[in-house]
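Asks: build me a model:
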Amino acid sequence: MYKHILFATELDETKSYIEDKVEKLQQLTQAKLSIIHVVEPMANIYYSGMYGVVPNLDASYSVSATKVFQDRAKEGLQPLIKRLNISEQNLHIPVGQTSEEILAFAEQHNVDLIITGSHGVHGLRLLLGSTANALLHGAKCDVLAIRFDE
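Replies: Numbers count the residues shown, from 1 in each chain. Reported below is the predicted structural model:
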């Protein structure tokens, strides 16, 4: 069965439904459980009304804002790591493109199952694809996409 499960989570209201299934599967398999939440980097440009695209003149702002997002994610995930009884060293909050970071972690740490949520894809997400879709097509291990009906 599975030896290392990676739970790729978002910080949203649907995650408790997914967390229940992650918890039960981990208990069933007795696998090591890691949690990953990826913080997307701040863009180096911003939109400013009638001026269109304006370069971000202060790159240090982008770095410090990203650090704030990482800190908030870590704080927001504390109840989950307590609930699942895992150590903080198994909580990972990298900065980067979400699916790329999850796939890289899975490969580097011998993950044999990635669990993620799957929402109905519509609008621009249908055109651009989704994280769950990228994981399903890019992972070298099993992927369990837990569907949440809205």
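Asks: quick check, residue 33 in a helix?
Replies: No. The assignment for residue 33, made by DSSP: H, G, I helix; E, B strand; the rest coil, is strand rather than a helix.
Asks: that one: neighbour count?
Replies: Residue 33 has 23 neighbours, counted by other Cβ atoms under 10 Å. Bear in mind the C-beta positions are built from the backbone N, C-alpha and C, glycine included.
Asks: likewise residue 146?
Replies: Neighbour count of residue 146, defined by other Cβ under 10 Å: 18.
Asks: which one is it nearest to, not counting chain neighbours?
Replies: What sits nearest to residue 146 in space, not counting adjacent residues and going by Cβ to Cβ, 6 or more residues apart in numbering, is residue 18, at 4.9 Å.
Asks: just the mean pLDDT for stretch 89-96, thanks.
Replies: Averaged across stretch 89-96, pLDDT comes to 96.
Asks: which of the residues in that stretch are buried?
Replies: The neighbour-count check on stretch 89-96 (16 or more other Cβ atoms under 10 Å) flags 90, 91, 92, 93, 94 as buried.
Asks: just how off-centre is stretch 1-8 within its chain?
Replies: Centroid displacement of stretch 1-8 relative to its chain, using Cα atoms, centre = their mean, to the nearest Å, is 14 Å.
Asks: also stretch 64-79?
Replies: Worked out by Cα atoms, centre = their mean, stretch 64-79 lies 13 Å from the chain centre.
Asks: can you list contacts of that stretch?
Replies: Outside of stretch 64-79, the residues within contact range by Cβ atoms under 8 Å, 6 or more residues apart in numbering are 9, 11, 35, 37, 39, 41, 42, 91, 93, 95.
Asks: run through the bridge partners of the last one.
Replies: By that I understand residue 95. Beta bridges link residue 95 to residue 39, judged by DSSP bridges.
Asks: picking that back up, show me how to select, in PyMOL, the buried members of the contacts of stretch 64-79.
Replies: This is the PyMOL syntax for the buried subset of these, where burial follows 16+ other Cβ under 10 Å:
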select buried, resi 9+35+37+39+42+91+93
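Asks: thinking again about what came up before, helix/strand/coil for the residue nearest to residue 146?
Replies: Under three-state DSSP, residue 18 falls in the helix class.
Asks: I'd assumed residue 145 was in contact with it.
Replies: No. With contact defined as Cβ atoms under 8 Å, residue 18 does not reach residue 145; the gap is 9.8 Å.
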